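Q: Sequence and predicted structure, then a few things I'm wondering about:
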Amino acid sequence: MPAKILDGKAVAKRIKEKLALEFAALRAGGRAAKLVSFAVGVDDGTTSYRKSQKKQAEALGVDYAMVDLPAEAPKDAVVAKLHELNADKSVTGIILQLPVPKHLNGEELARMIAPAKNIEGIDEVNLGAIVMKRYLNLPCTARAAVELAAESGIDMNGANAVVIGRSTIVGKPAALLLLDRNCTVTLCHSRSRDLPAIARQADILVTAIGTRAGMVTGDWIKPGAVVVDVGIIDVGEGRIRGDVDFDSASQVAGFLTPVPGGVGPVTTQMLYLNLLDAAKKA
Ligand code: NDP
């Protein structure tokens, strides 16, 4: 029987509806959430990214503000502005628009965002909080991958989960989140031996690789497994594909996320879920 599709767009829509209700309740209580997009030097990429950010924020009833410094702003001025936003009680979450101009270090600046306001959740405090099981802002893609796996209805208690990819922003936190759901987790990477054999043990297989479209074929998959494909590979002509070979995988897996339309749309909602949590805690 072909795999059931874990439809990220549908899941995202449901999450969005819930979020809108919760943000509205906060607003009614005088605690509207505010998201600030902070950019140093605004280019076309930033403008188009912000358009969709703004649209999404408005649809959810979140206040959205853009704070800009000129591209030639010295580091001191950028750091001072970040400190100002950190201290501003009306600001719930901050997104630093990347890339920043060459004289600045984007990673270093992102680390200066107060962890509670760093709603992308990929700074060391937020990531470290997962290890301590004191969740703050969860890294959005890792959380989306786990949420989508849970959508299948699989009992995660004691399930074998294999994550391929050990990046700080996706693979590692996804492995930790699965561990916290009582999965038995194997975390693989480019040096792992006999990856297909390890993958075939997985009740839940999460791929976050991004090197070759369709690398994970049906013969890597345990019959009936839940497969979450995080990978995004540009295959030209404006099209993207995932790590998983959809045609062969869908003949074996029980559940499968498509690319596009799987993890991506849910990831976006996770950012606002972090924002909501931050607003509630503020
Ligand atoms: P990274 O490049 O940081 O990490 C890739 C990981 O894959 C590394 O751990 C690497 O191993 C491993 N890897 C590479 N080649 C192989 C191989 N042949 N066999 C096994 N493991 C391999 O990428 P990210 O984690 O940032 O992203 C992963 C994918 O997810 C990308 O396609 C990215 O575009 C996509 N993505 C999707 C998002 C979404 O919203 N859907 C959001 C963020 C990312 P090693 O550590 O040994 O080098």
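A: Alright, I've got the coordinates.

Q: From here on, just use CA atoms for contacts and neighbour counts.
A: Will do.

Q: residue in the chain nearest to the ligand?
A: Of all residues in the chain, the one sitting closest to the ligand is residue 210 (3.0 Å; C-alpha to the nearest ligand atom).

Q: Let me know the pLDDT of the residue lying closest to that residue once chain neighbours are set aside.
A: Spatial nearest neighbour of residue 210, excluding adjacent residues (C-alpha to C-alpha, 6 or more residues apart in numbering): residue 231 at 4.7 Å. The pLDDT attached to residue 231 in the predicted structure is 98.

Q: Now do the same for residue 231: helix, strand or coil?
A: For residue 231, the reduced secondary structure class is coil; criterion used: DSSP: H, G, I helix; E, B strand; the rest coil.

Q: For residue 186, see how far away it is.
A: 18 Å (C-alpha to C-alpha, to the nearest Å).

Q: Settle it for me: which of those two has more neighbours?
A: For residue 231 versus residue 186, the count of surrounding residues by other C-alpha atoms under 10 Å is larger for residue 231: 25 against 17.

Q: Now do the same contact list for that one.
A: Residue 231 makes contact with 207-210, 241-244, 259, according to C-alpha atoms under 8 Å, 6 or more residues apart in numbering.

Q: repeat that for 7 Å
A: Contacts were defined as C-alpha atoms under 7 Å, 6 or more residues apart in numbering; by that measure residue 231 touches 207-210, 242-243.

Q: got it, and residue 54?
A: For residue 54, counting by C-alpha under 7 Å, 6+ apart, the contacting residues are residue 64.

Q: Three-state assignment for it, please.
A: Residue 54 carries the three-state label helix when classified by three-state DSSP.

Q: and if you look at the one 5 residues further on?
A: With three-state DSSP as the basis, the three-state label of residue 59 is helix.

Q: Not counting sequence-adjacent ones, nearest residue to residue 262?
A: Nearest in space to residue 262, with sequence neighbours left out and distances taken as C-alpha to C-alpha, 6+ apart, is residue 8 at 4.0 Å.

Q: Can I get the contacts of residue 231 in TSV including distance to residue 85, neighbour count and pLDDT?
A: Rendered in TSV, the data for the contacts of residue 231 read as follows (distance: C-alpha to C-alpha, whole Å; neighbours: other C-alpha atoms under 10 Å; pLDDT from 0 to 100):
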residue	distance to residue 85	neighbour count	pLDDT
207	36	26	98
208	33	28	98
209	35	27	98
210	34	19	97
242	37	29	98
243	38	25	98
